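A.B. asks: could you look at this predicted model? Sequence included:
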Amino acid sequence: MAAAGAVHMTTLNLKNGDYAQVIGNLRDVLADHESPEEVAGHPVLGEQKHPGVPKRWMHIKLVAGSKETTLAVRDDNVYLIGFQSKNGRWYELGFQGETKRIIPGSTFLGCDVTYSKLLEVNSGCQEQKNRRVREQIVSLKLGRTSAIDAVGILSVYNQGEGVAVDTVTRRALVHLILMFCEATRMIPFFNTVVASWDNEEPTEGHIQMVDSVYIWNWGIMSGALLDWRETEPNYTRCTRCRSSASQKEKGEKQEGKAKEDTNNDGNGDDTGAGDDNGGHEKKGNGKLLPQGSGTDAQTKRSGFGRPLVQVFGVRADLHVVGTIAVFDGKRGQIIYKNHASISNDPSQSESMIDLALTGPYRGISADGSFAVQVDGIPTTGASDESKNVAGEMLWDCYSDNVVYNMVLTHGIPRFPTATGTTTNIAEVTYAVLSNAVEATVQVELKLKGDKESTTACVHGEITAHYEHYKDHSILLFSSTEDKEMELKVPACGGFISIPIPLRRSVIAAPVGSSLQINVKIHVTCPPNHKNTIFFDDDLVFPLVDQQTGKLTEDDVAVQVKIKSSDIYTQPGQNDTTLPTTPDIHALPEQCDTAQLALATTSDPRSKVLSKNDKFVIKEIARTPTRGMGKHKAITTAPDSPAMRTRSKKKRKL
């Protein structure tokens, strides 16, 4: 993985610059890559083959008088990753200790990349959260004034140690994400901003509710367009000509060197470096997919998910490995972190052992390519994290050899040493699930309290199993008797619930396969229960939004909750409509789906299209890209696996 991507700098003076021209130029740059192409007039983004540091950074420098900030946006999916305040300090979406930096030297904001987190929509069921997110998005004012206000907030932002980003800064990020990331992708967002940008009256525009669903349907629209390309008998591939500037730039780009595209048209205000990134949500394609092996009853349990990665386990030399992270183009999540007390333990003499994984904290997306990066134990005084990378495995979703819905083990070779020898530094066991949902497991100990506070001791194992992968388990909790976990029981006269901390709690659950949680733990909770209570049983959960299971022994219970951030829908026999979920929103009227500005190539799943979907494809292909002038809408990359799997059988469970 490259230490730093090439940088393309675009500058906009918000007070008197040409917003439409800047967005149009940005689209042209994004569409100008190794294999440029247009489909029915829609430019296509490059392939997502750099899930960590992107091949190119789009730095969008926004200036408003003495205030300024720079947004750092990926070139392969137009995602905001972070921003830079006027003092030169970088901030990145993510969490200290859980997220791997993509922007060198950045400070984590303590916030995830999704709109629900940025807008702090945390309460209620998933459908309520989803509705509230859309309502907040359409309530936001978009235009020159709101952009200037947002830049003013980010320009002076200074985050203290151990503090998460505040509400005002979160909303400023959302404003700029909508006006610069979403508007680059989709025409309605662009038109809304342009309509109010140059008004003499300081009026601001609002996204319409019907248009807000495009945020979650960008992948669907792109997939439909590219699928039409493959099935339309009269389609002729249209290759975009690379600009002479890009040909020249090809030989000039170096690490950290920026090519600047300015649109100041301003009064010469001093401008400093600054980057600002925002997270946004493009989830699965919402198509109904084949369910793999199983009984007829299981197969009929159709659901709508998205491609996700499940890491079952990693074997590695803990004396060499420092951290292991997985990058999916949205975030870099740390799934293992070495502790000096473990690596220095003389009893751990084996060269390769099963590591105790602690992540991810969100589902690992397989919309595009993903990479598993292994870092060595850092040396004293080392400051450059990129120089510490010891090995890497790239899963290329565009390869003809990719396998879905099967558990695989791949060795990660150590980068060549001075002698030129290579050996495996780690072995990763994983599965890429073509249709899955993100599920969170919570385990609680329920027992009778006492007048005085006491301690409950727990040791044993809690594991998760899939119905179709019975030979492979996901370790959620593990503690030996000599190192049992102590849980504080507060003084209470009645029954209380105490969470059992899990090593990892977020898993990818394949649609159409039940989830089994095996609880095999010993619990000691004096003074009410002097004897150790042993639990050894399975709880089986069919995939729904939320379920609770309980095991009870002698007035002590272990309760397991399964919550999904992807609402699982079981459509009726004649139901062909797309579901409404927090990640997949029903498409608006088909005649509006031509509002695609850039298409993405990130969906690796084969598509099973309904009649409505095919109608959408025709509408996208034949409807002109309104409101764009000479700048056309951009769509996702060509030659997507989503296209090629039509003629290549997928390997099923």
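C.D. replies: Received it, and whenever you're ready, just let me know what you need.
A.B. asks: any stretches of the stretch 301-450 of the chain with poor pLDDT?
C.D. replies: Scanning the stretch 301-450 of the chain for pLDDT under 70 picks out the ranges 301-304, 340-350, 379-387, 416-421.
A.B. asks: hey, where'd the helices end up in it?
C.D. replies: Assigned by DSSP state H, counting those that start in this stretch, the stretch 301-450 of the chain shows helices spanning 340-343.
A.B. asks: V458 contacts E481, doesn't it?
C.D. replies: No: between V458 and E481 there is no contact under CB atoms under 8 Å: 10.3 Å. In short, each C-beta sits where N, CA and C put it, glycine included.
A.B. asks: what about these two, which has more around it?
C.D. replies: Neighbours per residue (other CB atoms under 10 Å) separate V458 from E481, with V458 holding more: 23 against 10.
A.B. asks: center of this structure - which residue?
C.D. replies: Geometric centre of the chain, nearest residue: K330, 4.1 Å, by CA atoms, centre = their mean.
A.B. asks: still on that earlier bit, between V458 and E481, what contacts are shared?
C.D. replies: Common neighbours of V458 and E481, using CB atoms under 8 Å, 6 or more residues apart in numbering, are H522.
A.B. asks: what is the neighbour count of T455?
C.D. replies: 11.
A.B. asks: what sits against the nearest residue to A316 once chain neighbours are set aside?
C.D. replies: In space, and not counting its chain neighbours, A316 is closest to A426: 3.7 Å by CB to CB, 6 or more residues apart in numbering. A426 makes contact with V314, R315, A316, D317, V321, I324, V374, G391, G411, I412, according to CB under 8 Å, 6+ apart.
A.B. asks: do V523 as well
C.D. replies: L445, A456, C457, V458, T532, I533, F534, F535, V556, V558.
A.B. asks: now do 7 Å
C.D. replies: With contact set as CB atoms under 7 Å, 6 or more residues apart in numbering, V523 has these partners: L445, A456, V458, T532, I533, F535, V556.
A.B. asks: next helix or strand past the one helix or strand it maps to?
C.D. replies: Using DSSP states H and E, V523 sits within strand 515-525. For strand 515-525, the following helix or strand on the C-terminal side (DSSP H and E) is strand 529-541.
A.B. asks: I'd like to know which elements that following strand is packed against.
C.D. replies: Packing partners of strand 529-541 (3 or more CB pairs under 7 Å, 6 or more residues apart in numbering; DSSP states H and E): strand 515-525, strand 546-553, strand 556-564.
A.B. asks: element containing D149, please.
C.D. replies: D149 belongs to helix 144-155 when elements are defined using DSSP H and E.
A.B. asks: tell me the helix or strand right after that helix.
C.D. replies: Next along the chain from helix 144-155, counting by DSSP H and E, comes helix 167-176.
A.B. asks: list the buried ones in that next one?
C.D. replies: Within helix 167-176, the residues scored as buried using 16 or more other CB atoms under 10 Å are T169, R170, R171, A172, L173, V174, H175, L176.
A.B. asks: right, and T429 touches T409 too?
C.D. replies: Yes: the pair T429 / T409 is scored as a contact, 4.6 Å apart, by CB atoms under 7 Å.
A.B. asks: what about the two, which has more around it?
C.D. replies: With neighbours defined as other CB under 10 Å, T429 and T409 compare such that T429 has more, 16 against 12.
A.B. asks: the longest helix anywhere in the chain - contacts with which helices or strands?
C.D. replies: When the chain is parsed with DSSP state H, its longest helix is helix 214-231. Counting contacts by 3+ CB pairs under 7 Å, 6+ apart, helix 214-231 packs against strand 37-39, helix 611-622, helix 641-644.
A.B. asks: report the rounded mean pLDDT for the longest one.
C.D. replies: The reference is to helix 611-622. The average pLDDT for helix 611-622 rounds to 40.
A.B. asks: cool, and stretch 83-95?
C.D. replies: Mean pLDDT, stretch 83-95: 98.
A.B. asks: how about it: buried residues?
C.D. replies: Applying a neighbour-count criterion of 16+ other CB under 10 Å, one finds F83, Q84, S85, K86, W90, Y91, E92, L93, G94, F95 buried in stretch 83-95.
A.B. asks: okay, now the unreliable bits of the stretch 101-250 of the chain?
C.D. replies: Ranges of the stretch 101-250 of the chain meeting pLDDT under 70: 200-203, 233-250.
A.B. asks: still on that earlier bit, from the buried residues of stretch 83-95, which two are the most distant?
C.D. replies: Using CB to CB, the pair of the buried residues of stretch 83-95 lying farthest apart is K86 and F95, separated by 24.6 Å.
A.B. asks: okay, now the domains of this structure?
C.D. replies: Using automatic domain parsing, the domain parsing of the chain gives 7-263, 305-568.
A.B. asks: so what sits opposite the residue nearest to A316 in the bridge?
C.D. replies: For A426, the beta-bridge partners are A316, I412 (DSSP bridges).
A.B. asks: quick one: it and R414, what's the gap?
C.D. replies: Distance of A426 to R414, given as CB to CB, to the nearest Å: 9 Å.
A.B. asks: T524: what's it in contact with?
C.D. replies: A456, C457, T532.
A.B. asks: against L408, how distant is it?
C.D. replies: To L408, T524 is 40 Å away according to CB to CB.
A.B. asks: relative to V53, how far out is the residue nearest to A316?
C.D. replies: A426 is 21 Å from V53, where distance means CB to CB.
A.B. asks: same question for A325.
C.D. replies: Going from A325 to V53 by CB to CB gives 12 Å.
A.B. asks: could you do T99 as well?
C.D. replies: From T99 to V53 the distance is 14 Å (CB to CB).
A.B. asks: what's the burial count for the nearest residue to Q442 once chain neighbours are set aside?
C.D. replies: In space, and not counting its chain neighbours, Q442 is closest to K561: 4.3 Å by CB to CB, 6+ apart. The number of residues packed near K561 is 16, by other CB under 10 Å.
A.B. asks: quick check: beta-bridge partners of K561?
C.D. replies: Q442, T548.
A.B. asks: which residues sit in contact with it?
C.D. replies: Applying CB under 7 Å, 6+ apart, we find K561 in contact with Q442, Q546, T548.
A.B. asks: any chance of these in TSV with distance to L226 and neighbour count as columns?
C.D. replies: Shown next, in TSV, are the contacts of K561 (distance: CB to CB, whole Å; neighbours: other CB atoms under 10 Å):
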residue	distance to L226	neighbour count
Q442	39	14
Q546	35	15
T548	42	13
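A.B. asks: closest one of these to G105?
C.D. replies: Nearest to G105 among the contacts of K561 is Q442, at 35.4 Å by CB to CB.
A.B. asks: from V63, how far out is that closest one?
C.D. replies: Taking CB to CB as the measure, Q442 and V63 are separated by 47 Å.
A.B. asks: swap in Q516?
C.D. replies: Q516 sits 56 Å away from V63, going by CB to CB.
A.B. asks: who's the nearest residue to Q310 once chain neighbours are set aside bridged to?
C.D. replies: Closest residue to Q310 apart from its sequence neighbours, by CB to CB, 6+ apart: A508 at 4.2 Å. Note on A508: beta-bridge partners E438, judged by DSSP bridges.
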